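In: Need coordinates for the below:
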Amino acid sequence: MSRRPVFLSFCYDDDVNRVQQIRNMGLFDGQQLLSSNDFETVKRKGKIAIQNWIDEQLKYKQCLIVLIGKNTADRPWVQYEIKKADELGKAIFGIYIHNLKDFKGYSTKGSDPFIKVFGYSKYKCYDPQHLNFPGMTAYNTIQDNITNWIELAILNK
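Out: Coordinates of the predicted model:
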């Protein structure tokens, strides 16, 4: 499969380590993750600067992947990214990442962000639920399927 340019939407404070695991799989082209310092620099410029950064990043991406952690659905910028990608006609789907182990351990499953944004589950959310062999099955499920999930989302948009 070809490497598709994707935009990863997630709650930075809670899930950056889990997201880095997915990016490190090397299976797709995505945006560079902003460090917390870089995001603070953009954030200091105000709401319009953040929207412009998101809009510019989404412009050249084929797919928005919402990496769903415990608090992702409640994050205003995640909600903005979902609305903007939907408005632009991008392929969209979610992956629950609570079963990927990070330095804090496992997390709890978050809510479907598409229900929060649209009032119903407008887009598919994949849920690698497996916890055996300390998180590796969830990791392997994502690694083995993410390129297919991207292609399916693009075909079904």
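
In: lowest average confidence, helix or strand, in the chain?
Out: Least confident helix or strand of the chain, by mean pLDDT, DSSP states H and E, is strand 29-30 with a mean of 66.

In: Could you give me the buried positions within the lengthiest helix in the chain?
Out: Identified as the longest helix of the chain according to DSSP state H is helix 136-156. Neighbour-count burial for helix 136-156 flags 138-139, 141-143, 146-147, 149-151, 153-154 (criterion: 16 or more other C-beta atoms under 10 Å). To be clear about C-beta, it is placed using only N, CA and C from the backbone, and glycine gets the same treatment.

In: same thing with stretch 93-107?
Out: Buried-residue list, stretch 93-107, by 16+ other C-beta under 10 Å: 93-102, 107.

In: From the residues you listed, which land in helices?
Out: Using DSSP H, none of the buried residues of stretch 93-107 sit in helices.

In: out of these, who's nearest residue 47?
Out: Checking these against residue 47 with C-beta to C-beta, the nearest one is residue 94 at 24.5 Å.

In: The closest one touches residue 126, doesn't it?
Out: Yes: counting by C-beta atoms under 8 Å, residue 126 is a contact partner of residue 94 at 7.1 Å.

In: what ranges do the helices span in the chain?
Out: 12-23, 36-44, 47-59, 76-87, 113-118, 136-156.

In: Pipe the ones you listed into CSV and attach mean pLDDT per row.
Out: Shown next, in CSV, are the helices of the chain (pLDDT from 0 to 100):
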stretch, mean pLDDT
helix 12-23, 90
helix 36-44, 74
helix 47-59, 92
helix 76-87, 97
helix 113-118, 98
helix 136-156, 91
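
In: Between the ones you listed, which one is closest to residue 4.
Out: Of the helices of the chain, nearest to residue 4 by C-beta to C-beta is helix 136-156, at 5.1 Å.

In: Send me the longest helix of the chain as PDB with only the CA atoms.
Out: What follows is helix 136-156 as a C-alpha-only set of coordinates in PDB (Å, rounded to 0.1, in the frame of the first residue of the first chain):
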ATOM      1  CA  MET A 136       1.400  -5.600  22.200                       C
ATOM      2  CA  THR A 137      -1.700  -7.200  20.700                       C
ATOM      3  CA  ALA A 138      -3.400  -3.700  20.500                       C
ATOM      4  CA  TYR A 139      -0.200  -2.300  19.100                       C
ATOM      5  CA  ASN A 140       0.000  -5.200  16.500                       C
ATOM      6  CA  THR A 141      -3.700  -4.800  15.600                       C
ATOM      7  CA  ILE A 142      -3.100  -1.200  14.800                       C
ATOM      8  CA  GLN A 143       0.100  -1.800  13.000                       C
ATOM      9  CA  ASP A 144      -1.400  -4.700  10.900                       C
ATOM     10  CA  ASN A 145      -4.500  -2.800   9.900                       C
ATOM     11  CA  ILE A 146      -4.000   1.000   9.900                       C
ATOM     12  CA  THR A 147      -3.000   1.200   6.200                       C
ATOM     13  CA  ASN A 148      -6.100  -0.700   5.300                       C
ATOM     14  CA  TRP A 149      -8.300   1.500   7.500                       C
ATOM     15  CA  ILE A 150      -6.900   4.600   5.800                       C
ATOM     16  CA  GLU A 151      -7.600   3.100   2.300                       C
ATOM     17  CA  LEU A 152     -11.100   2.100   3.300                       C
ATOM     18  CA  ALA A 153     -11.800   5.600   4.700                       C
ATOM     19  CA  ILE A 154     -10.500   7.200   1.500                       C
ATOM     20  CA  LEU A 155     -12.600   4.800  -0.700                       C
ATOM     21  CA  ASN A 156     -15.800   5.400   1.400                       C
END
